[in-house]
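**Student:** need coordinates for the following:
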Amino acid sequence: MPADLRAASEALVVERKDVAGLDTAFLGAARSLLKVNALAPAYWRAMASITAPVLLVHGERDRLVPVRAARRVARRNANWRLETIPDVGHVPQMEAPERVAELVRDWLAEHPDAARAAA
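**Tutor:** I've put the predicted structure just below:
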């Protein structure tokens, strides 16, 4: 592991040590990822069955779900639109809220039926 990544990880652990429920949330997320990987065929079928338009927003620096996974999903679902945001990690809506809002507004303008359903 590169030294700078290790230092950043250690700093994050110290910063979040007093956050209630963080361990439980992380364990739940890890179990969810393991379950999705174990049930990959069902996961792909479920995504393929979605008929509504989809905007998939992904941070290019996501360390939990690699951006290549989002690209793979988008390739397998031709009607989905993938937007990646450079220098953003796992929670783009928190790390770059203005950019995510812009992407959503633009996407909704292109999909008026989805905009009405969201309202």
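**Student:** domain assignment for the protein?
**Tutor:** Listed domain ranges for the chain are 1-38, 52-119 (source: automatic domain parsing).
**Student:** in this structure, which spans are strands?
**Tutor:** Taking DSSP state E as the criterion, the chain contains strands spanning 54-59, 80-85.
**Student:** which phi and psi does G89 have?
**Tutor:** Backbone torsions of G89, given as degrees, to the nearest 10, read phi -100, psi -140.
**Student:** can you get me a residue count around it?
**Tutor:** 17 (other C-beta atoms under 10 Å). Glycine gets a C-beta too; all of them are placed from N, C-alpha and C.
**Student:** now do the contacts for it.
**Tutor:** 59, 61-63, 95 (C-beta atoms under 8 Å, 6 or more residues apart in numbering).
**Student:** nearest to P41 among the residues you listed?
**Tutor:** Looking at these and their distance to P41, the nearest is D62, at 23.8 Å (C-beta to C-beta).
**Student:** wait, the closest one touches I85, no?
**Tutor:** No. D62 sits out of contact with I85 when judged by C-beta atoms under 8 Å, with a separation of 9.7 Å.
**Student:** highest mean neighbour count out of the strands of the chain?
**Tutor:** Of all the strands of the chain, strand 54-59 carries the top mean neighbour count, a mean of 19, counting by mean count of other C-beta atoms under 10 Å.
**Student:** pull up the pairing partners for it, direction included.
**Tutor:** In the sheet, strand 54-59 lines up against strand 80-85 (parallel) (DSSP bridges).
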